[in-house]
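K.L.:
quick check, what structure comes out for this input:
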Amino acid sequence: QVQLVESGGGLVQAGGFLRLSCAASGGTFGTYTMGWFRQAPGREREFVAAISWNSGITRYADSVKGRFTISRDNVKNTVYLQMNSLKREDTAIYYCAAALAWKTPHWATDYAYWGQGTQVTVSS
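P.N.:
Residues are numbered from 1 along each chain as shown. Now for the predicted structure:
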């Protein structure tokens with residue numbers, strides 16, 4: 001059973017930055033597509049970013065392009081989300097997820113495993 005544990009969330013002022021981490025265990029991390037999603041209060045879960053198993057392909061939501069960077073370390077079994085120039089509208093619970101293949105990584109249904117989420121709050 002794959003377990004994903006997010007960390008690094010918190011309260012930050014607008015314009016600031018945070019780095020989220022997601023540590024994986026119990027599976028073959030190096031073969032998974034990894035994604036980050038977020039869910040704000042009263043809104044549906046939305047795609048943020050995804051990275052292929054070898055970091056060869058990345059994809060971002062338009063709302064975070066140029067501000068967020070996804071990366072991974074297959075030795076440490078960890079995926080990261082560097083978030084810069086944060087805005088109030090980035091406030092949400094951020095989830096990492098693992099998919100067994102790169103198909104449509106912006107779709108949540110592609111992902112078999114999910115973490116519990118970490119809260120990110122951006123204040124003005």
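K.L.:
so what's the backbone phi/psi at the residue nearest to the spatial centre of the chain?
P.N.:
Centrality entry for the chain: nearest residue to the mean C-alpha point is W36, 2.2 Å, by CA atoms, centre = their mean. Dihedral pair for W36: phi -120, psi 130, per degrees, to the nearest 10.
K.L.:
please name the nearest non-neighbouring residue to it.
P.N.:
Leaving aside its sequence neighbours, W36 sits nearest to V48 (CB to CB, 6 or more residues apart in numbering; 4.3 Å). C-beta coordinates here come from the backbone N, C-alpha and C atoms, glycine included.
K.L.:
helix/strand/coil for the one you found?
P.N.:
Taken by DSSP: H, G, I helix; E, B strand; the rest coil, the conformation at V48 corresponds to strand.
K.L.:
surely the residue nearest to the centre of the chain meets E46?
P.N.:
No. Under the criterion of CB atoms under 8 Å, W36 makes no contact with E46, lying 10.2 Å away.
K.L.:
ok, back up a step: mind checking how far the residue nearest to W36 is from D90?
P.N.:
With the distance defined as CB to CB, to the nearest Å, V48 ends up 9 Å from D90.
K.L.:
G15 now?
P.N.:
11 Å.
K.L.:
between those two, tell me which one has more neighbours.
P.N.:
D90 (22 against 11; other CB atoms under 10 Å).
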